[in-house]
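Student: Have a look at this prediction, sequence included:
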Amino acid sequence: MDKSVQGGKAYGFLKSQQEEKLNSINEAFLSDPKYAEEEELASKLEMFKNKYMEFDLNDKGDIDMMGLKRMLEKLGLAKTHLELKKMMSEVAGSASNDSINYNDFLNMMLGKRNAILKLILMFEGMGKEQEQRDVGPPSRKTFSDLP
């Protein structure tokens, strides 16, 4: 990496590099015949990419144990080390993996298996949609609305 890029700029550069990598993986999923039947695949992939990037990714752009731990804590779901390991092996497909890459993440989110992490993220997403509906001033009342 260029030595002149430091601090916030380096972080921004890393994030944009990661996003480009994730975009190219999304492209591969879009052209994968396995997912041809998936409804609104492009918008789902965009949503999953944004969700993935909310995690603190390690230098390889993967979700490691600490990144998963911090994300779940943000959601108010602190987990033990063993629970985290189980979640990671469930997504990555083997207990030896100590990180979740974007392909694993997408396979989990689009797959039929209900991994614990998938359920948490889907549930968290539903909660957000409900919150957004209630934002803004209450609707104006008219005389006909009065009891």
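Tutor: On my side now, so go ahead. Numbering: from 1, shown residues only.
Student: And stretch 105-118, end to end?
Tutor: Taking C-alpha to C-alpha, to the nearest Å, stretch 105-118 runs 9 Å from one end to the other.
Student: which residues touch the top helix by length along the chain?
Tutor: Longest helix in the chain, counting residues (DSSP state H): helix 7-30. By C-beta atoms under 8 Å, 6 or more residues apart in numbering, the residues outside helix 7-30 that reach it are 1, 5, 35, 41-42, 45-46, 49, 52-53, 57, 61, 102-103, 106, 110. All C-beta atoms are positioned from the backbone trio N, CA, C, and that covers glycine.
Student: mind exporting that helix as CSV, just the C-alpha atoms?
Tutor: The C-alpha trace of helix 7-30 is given here as CSV (Å, rounded to 0.1, in the frame of the first residue of the first chain):
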residue,chain,number,x,y,z
GLY,A,7,-5.3,7.3,8.6
GLY,A,8,-8.8,8.1,7.3
LYS,A,9,-7.7,8.2,3.7
ALA,A,10,-6.1,4.8,3.9
TYR,A,11,-9.3,3.4,5.6
GLY,A,12,-11.5,5.0,2.8
PHE,A,13,-9.2,3.5,0.2
LEU,A,14,-9.3,0.0,1.8
LYS,A,15,-13.2,0.3,2.1
SER,A,16,-13.5,1.2,-1.6
GLN,A,17,-11.2,-1.7,-2.6
GLN,A,18,-13.2,-4.1,-0.5
GLU,A,19,-16.4,-2.8,-2.0
GLU,A,20,-15.1,-3.3,-5.5
LYS,A,21,-14.1,-6.9,-4.6
LEU,A,22,-17.6,-7.5,-3.2
ASN,A,23,-19.2,-6.0,-6.3
SER,A,24,-17.3,-8.4,-8.5
ILE,A,25,-18.5,-11.3,-6.3
ASN,A,26,-22.1,-10.0,-6.6
GLU,A,27,-21.7,-10.0,-10.4
ALA,A,28,-20.6,-13.7,-10.3
PHE,A,29,-23.7,-14.5,-8.2
LEU,A,30,-25.9,-12.6,-10.7
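Student: Thanks a lot, see you next time.
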